[in-house]
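Participant: my questions concern the predicted model and sequence given below.
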Amino acid sequence: MKKKLNDNIFKCALSGLLLILGWPPFSLTPLLFVALIPLMFIIYKKASIKKVWAYSYLTFFIWTVGTMYWIANTKIDLQGFIIIAIAWILIPFFQSIPFLVFAWIRPRVNHAVVWYLLPLLWVSYEYLHSLWQFAFTWLHLGFGLSPMPWFIQFYELTGYLGGSFIVVLFNVMFFNLIREYRGNHFRRNLAISAGTFAFLIVLNLLLQPSGSKKNNAIKAAVVQSNANPYEVLDENSLKRQVGTLQRLLLPLKGKGVDIVILSEGYLRSSPLDPLILNDVDEQPSIKEIKKISKTIGAPILVGFIGFKLFDHKDSAPASALPTGDGRYFSGYNGAMLVAHDQPSQVQMKNNLVPFMERIPYLEQLSFFEKFKLSLNQAKNSYEKDDKINIFKYKQMRIGTLICLDALFPAYASHFISSKANIMAIIANDSWAGKTSGYRQNAQYASTIATSLRRDVMRCATTGKSMFVDRAGAKHKVTLWDEEVVVIDDVQLFENDTFYSFGKDWLGLVSTILSLTLFIGVLVRQRVQLTQK
């Protein structure tokens, strides 16, 4: 009994390790296609539902901590570390649910084909998990294929959920090959596996975009400021930030740059020196940036932490705090396009990090505000406005994704529906230091590029900044911890993709099929019990 327990724990550890090695930054991506096989052999031995849940939880706990250890590499107190530990506990709990459901269904559908239900269940989990306010999609399997952009060209049809489906499907197929080795169905399973792989290769080749002629290109400058994310803010913070901005951007004068991109939260304000968003063009810092824009002859896309004022509590959101003069204020993480010859345009971050930037379901769970990690300048949860605003300047129509926004491609596709012809991703990964976090986030940019078939301008505070073409290939990638300005030509595209139209259709279809099968099995079991 003890030997069997140790053997199963070893298999869980092996699956967890393979997932870690297959994920960025190690990016031994093909390992993802076999990583779940050790866990699947535990299930195959007809383990009880309780044991399947325990072993799958252990597997995903190892993976979660091994790939997301970096969230603890920040300046937090004991309460903050407890919140992070809860995240490490909850993420593998959600990931284990598809295997728990499969363990219940499998003995009730006594057929080898039942294993092919696993990809549907997994995609259903990822899809449903992305819909609620606890959503944190960082470890959704489809993102793990981003280091192999040549293999994810089909994302223009399915989005990253197609990648998640393929990862679990390949695990099932290779599991069947191993299980049936020298068996009656080995050749059949081998043919199915080889045919599926060949189909994917051909599909990716057919969907690979042709080389761009750059006949509708703009020249973009990405500015990696290398700012300290833990700088203590005071009454002169915005003035210093604008001064640094001027130093970095004035050398661009005369270089024919069409747009400048700065990172998430470059303009970091606090109640001591707030950036007020109600009439943003009247703010002294924005007036100065408009002067810089006029000097260099280009608009400036810059991330900010700012505040909105509300005259009455009834009109203020749940996160609002009193100003002391009868009004209320809420904090926002957003981006704006500042140009000298037109009003500034603003886009808010709408996918906020649970418990770090916003308490999920704040209106109902406001009590938990005191447990939020104090890593932002608002001191209370940030607000979102759920609006899609395209930044328009001359021929450019820019869809702007702010950090975690880029891990919700269905959300990003709304910018394409609003006719964005290029995408910008701005991020501030520096708070977690030189760990795996910033490298993982940088890799994920290929998912947006291939799903939406748009060139991407990515700017991060301390790295990695880059340009990503619509085929997912990365260009002019910066190093960590360097102050640098990189310039490249990027293409403007107008065509929609099937994914930008259908969004997460694969998740919806998988969920419907999974629920139908689950209900069907439940009904059949009830009928059988009645007949007895």
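Facilitator: Sure, I can see it. Residues are numbered from 1 along each chain as shown.
Participant: where along the stretch 1-150 of the chain do the helices fall?
Facilitator: Counting by DSSP state H, counting those that start in this stretch, the segments of the stretch 1-150 of the chain that form helices are 2-22, 37-44, 49-68, 78-105, 117-129.
Participant: so which strand or helix has the residue lying closest to Asp504 once chain neighbours are set aside?
Facilitator: Distance criterion C-beta to C-beta, 6 or more residues apart in numbering; nearest residue to Asp504, sequence neighbours excluded, is Ala410 at 4.6 Å. (Glycine included, C-beta is placed from N, CA and C.) Under the criterion of DSSP states H and E, Ala410 resides in helix 409-417.
Participant: name the residues that touch the next helix or strand after that helix?
Facilitator: Along the chain past helix 409-417, the next helix or strand (assigned with DSSP H and E) turns out to be strand 422-427. Outside of strand 422-427, the residues that reach it under the criterion C-beta atoms under 8 Å, 6 or more residues apart in numbering are 218, 261-264, 301, 303, 335, 391, 396-403, 405-406, 412, 415, 438, 441, 445, 448-449, 452, 454-461, 490-493.
Participant: again, only using 6 Å
Facilitator: For strand 422-427, contacts defined as C-beta atoms under 6 Å, 6 or more residues apart in numbering pick out 261, 263-264, 301, 303, 335, 398-403, 406, 441, 445, 454-460, 492.
Participant: for it, which strands pair with it and how are they oriented?
Facilitator: Partner strands and pairing direction for strand 422-427 (DSSP bridges) are strand 396-402 (parallel), strand 456-460 (parallel).
Participant: kindly export the shortest one (C-alpha atoms) in CSV.
Facilitator: Coordinates of each C-alpha in strand 456-460 appear next as CSV, following Å, rounded to 0.1, in the frame of the first residue of the first chain:
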residue,chain,number,x,y,z
VAL,A,456,1.7,44.1,-31.5
MET,A,457,3.7,46.9,-29.9
ARG,A,458,4.6,45.7,-26.4
CYS,A,459,6.1,48.0,-23.8
ALA,A,460,7.1,46.8,-20.3
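Participant: list the buried residues of it.
Facilitator: When burial is assessed from 16 or more other C-beta atoms under 10 Å, strand 456-460 yields the following buried residues: Val456, Met457, Arg458, Cys459, Ala460.
Participant: ok, the second one - contacts?
Facilitator: To tie it back to what came earlier, the one meant is Met457. Ala220, Val222, Ile261, Ala424.
Participant: now the first one
Facilitator: Contacts for Val456 were tallied using C-beta under 6 Å, 6+ apart; they are Met423, Ile425, Ala445, Ile448, Ala449, Val468.
Participant: so what pLDDT did the residue nearest the centre of the chain get?
Facilitator: Taking C-alpha atoms, centre = their mean as the criterion, Leu407 is the residue nearest the geometric centre of the chain, at 1.9 Å. We have a pLDDT of 98 for Leu407.
Participant: also Leu365?
Facilitator: 68.
Participant: how close does Ser27 sit to Val521?
Facilitator: Taken as C-beta to C-beta, to the nearest Å, the spacing of Ser27 relative to Val521 amounts to 39 Å.
Participant: neighbour count winner among the two?
Facilitator: Under the criterion of other C-beta atoms under 10 Å, the comparison of Ser27 against Val521 puts Ser27 first, with 18 against 15.
Participant: does the more buried one really touch Leu145, like I thought?
Facilitator: No: contact between Ser27 and Leu145 fails when scored by C-beta atoms under 6 Å: they sit 9.9 Å apart.
Participant: buried stuff in whatever helix or strand Val172 lives in?
Facilitator: Here Val172 is covered by helix 160-179, with elements defined by DSSP H and E. Taking 16+ other C-beta under 10 Å as the neighbour-count basis, helix 160-179 is seen to contain the buried residues 160-177, 179.
Participant: now stretch 334-344
Facilitator: Gly334, Ala335, Met336, Leu337, Val338, Ala339, His340, Ser344.
Participant: about what we covered before: make CSV out of the contacts of Val456 and add pLDDT and distance to Asp325.
Facilitator: Output for those, formatted as CSV (pLDDT from 0 to 100; distance: C-beta to C-beta, whole Å):
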residue, pLDDT, distance to Asp325
Met423, 99, 40
Ile425, 99, 38
Ala445, 98, 43
Ile448, 98, 42
Ala449, 98, 47
Val468, 98, 46
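Participant: who wins for neighbours among those?
Facilitator: Neighbour counts for the contacts of Val456 were taken using other C-beta under 10 Å; the highest belongs to Ile448, with 31 neighbours.
Participant: for it, give me its contacts.
Facilitator: Applying C-beta under 6 Å, 6+ apart, the residues near Ile448 are Ala406, Ala412, Val456.
Participant: cool, Glu180 as well?
Facilitator: If a contact means C-beta under 6 Å, 6+ apart, then Glu180 has Phe186, Asn189 as its contacts.
Participant: check Leu139 too.
Facilitator: With contacts defined as C-beta under 6 Å, 6+ apart, Leu139 is in contact with no residue.
Participant: ok so, going back, the strands paired with strand 422-427: which one's closest to Asn350?
Facilitator: The stretch from those with the least distance to Asn350 (C-beta to C-beta) is strand 396-402; that distance is 8.3 Å.
Participant: next, the angle from that closest one to helix 409-417.
Facilitator: 160 degrees (axes from the mean of the first three to the mean of the last three C-alpha atoms, to 10 degrees).
Participant: how far does strand 396-402 sit from its chain's centre?
Facilitator: Averaged C-alpha coordinates place strand 396-402 at 16 Å from its chain's average position (C-alpha atoms, centre = their mean, to the nearest Å).
Participant: any idea of the mean pLDDT for that strand?
Facilitator: 99.
Participant: tell me which residues of it come out buried.
Facilitator: Residues Met396, Arg397, Ile398, Gly399, Thr400, Leu401, Ile402 are the ones in strand 396-402 that count as buried (16+ other C-beta under 10 Å).
Participant: ok, residues contacting it?
Facilitator: Residues external to strand 396-402 that are found in contact with it (C-beta under 6 Å, 6+ apart): 264, 335, 347, 349, 390-391, 412, 415, 419-426.
Participant: do that again at 7 Å, thanks
Facilitator: Judged by C-beta atoms under 7 Å, 6 or more residues apart in numbering, the contacts made with strand 396-402 from elsewhere in the structure are 218, 259, 264, 301, 303, 333-335, 337, 347, 349, 390-391, 412, 415-416, 419-426, 448, 492.
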